[in-house]
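*Asks:* Predicted coordinates and the sequence they were generated for:
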Amino acid sequence: MSDARRAILELVATELRGAGRPPLPPPYRGTEIAPDERGGRFTSVLERVGGRVHRVRSTEEARARLQALLAEAGATRLIVSDASELRALAADLPGVELLAPSAPRAELFAATAGLTTAQWGIAETGTLVLESAAEQHRLASLVVPLHVALLPVARLLGTLGDALAALQGPTAAPASRTITFVTGPSRTADIELELVVGVHGPKSLHVLLLEAP
């Protein structure tokens, strides 16, 4: 065995034993954000990356805003997640066909908008957190040009660390098999390093920030 090969194998063995490996950093917590500041921080950060936040004071106002957003986008086929609070919000929207998450894939991929809730919002990063254990949301939030999310102010957390703690189940592992973090419209710079919006997901993200109790 050559000296070079012996040195490489010894290095691999050392790494596998964990020798010389730096200790893991403590859990990230971030700077605490007071509850009464979270709505403003969430709005400013999300809109800085291309999302839009609409402050609404009731489900009736949220419904009117949803209807206006769909009309503005020319969206006539809406995927609605199975979250119970969306039933009244999406019922009988004029000129809009509603699709359940269980509809055939071809119909879902032909939809022009999606409506979901969000289990949490992160004020620090302007991020929505969607858990699969709480609602069927994936196609409604990922394959449509327009994603509209209903988020009560009470579900706004301060930091990413707060969100990670909230996602833990009884065994400290996440309770959901799939957790989606959404920060603004989909974007990529893979195409000749030019920023393109809406390639891998929605081109527009609108959050209905519900201030009602």
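*Replies:* Happy to help now that I have it.
*Asks:* what stretches of the protein score poorly on pLDDT?
*Replies:* 1-5, 7-9, 11-30, 170-173, 186-201, 213 (pLDDT under 70).
*Asks:* most centrally placed residue in it?
*Replies:* Central residue of the chain (CA atoms, centre = their mean): Val182, 2.8 Å from the mean position.
*Asks:* Who does that residue form a beta bridge with?
*Replies:* Leu128 (DSSP bridges).
*Asks:* Wait, it touches Leu128, no?
*Replies:* Yes: if you go by CB atoms under 8 Å, Val182 and Leu128 touch, sitting 4.3 Å apart. C-beta: built from backbone N, CA, C; applies to glycine.
*Asks:* before we move on, the earlier item: check contacts around the residue nearest to the centre of the chain.
*Replies:* By CB atoms under 8 Å, 6 or more residues apart in numbering, the contact set of Val182 is 118, 127-130, 141, 147, 149, 205.
*Asks:* what do you get for Gln168?
*Replies:* Residues near Gln168 by CB under 8 Å, 6+ apart: 174-175.
*Asks:* Give me the phi and psi for it.
*Replies:* The phi/psi pair for Gln168 (degrees, to the nearest 10) reads phi -70, psi 140.
*Asks:* Please report how far it lies from His147.
*Replies:* Using CB to CB, to the nearest Å, Gln168 is found at 26 Å from His147.
*Asks:* Same question for Leu164.
*Replies:* Relative to His147, and taking CB to CB, Leu164 is found at 23 Å.
*Asks:* three-state assignment of Ala62?
*Replies:* At Ala62 the chain is in helix, as set by DSSP: H, G, I helix; E, B strand; the rest coil.
*Asks:* isn't it right up against Leu150?
*Replies:* Yes: using CB under 8 Å, Ala62 is in contact with Leu150, at 6.3 Å.
*Asks:* if I look at these two, which residues touch both of them?
*Replies:* In contact with both Ala62 and Leu150: 89, 208, 210, using CB under 8 Å, 6+ apart.
*Asks:* okay if I get those residues as CSV plus secondary structure, distance to Arg105 and neighbour count?
*Replies:* Shown next, in CSV, are the shared contacts of Ala62 and Leu150 (DSSP: H, G, I helix; E, B strand; the rest coil; distance: CB to CB, whole Å; neighbours: other CB atoms under 10 Å):
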residue, secondary structure, distance to Arg105, neighbour count
Leu89, helix, 24, 22
Leu208, strand, 27, 25
Leu210, strand, 31, 23
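*Asks:* Any chance of CSV for those residues, columns distance to Ala103?
*Replies:* As requested, the shared contacts of Ala62 and Leu150 are exported to CSV (distance: CB to CB, whole Å):
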residue, distance to Ala103
Leu89, 18
Leu208, 23
Leu210, 26
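*Asks:* Could you provide the contacts of Val182 in TSV, with additional columns for neighbour count and distance to Val56?
*Replies:* Below are these laid out as TSV (neighbours: other CB atoms under 10 Å; distance: CB to CB, whole Å):
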residue	neighbour count	distance to Val56
Ala118	26	14
Thr127	22	20
Leu128	28	16
Val129	23	20
Leu130	25	19
Ser141	24	19
His147	27	17
Ala149	24	12
Leu205	24	16
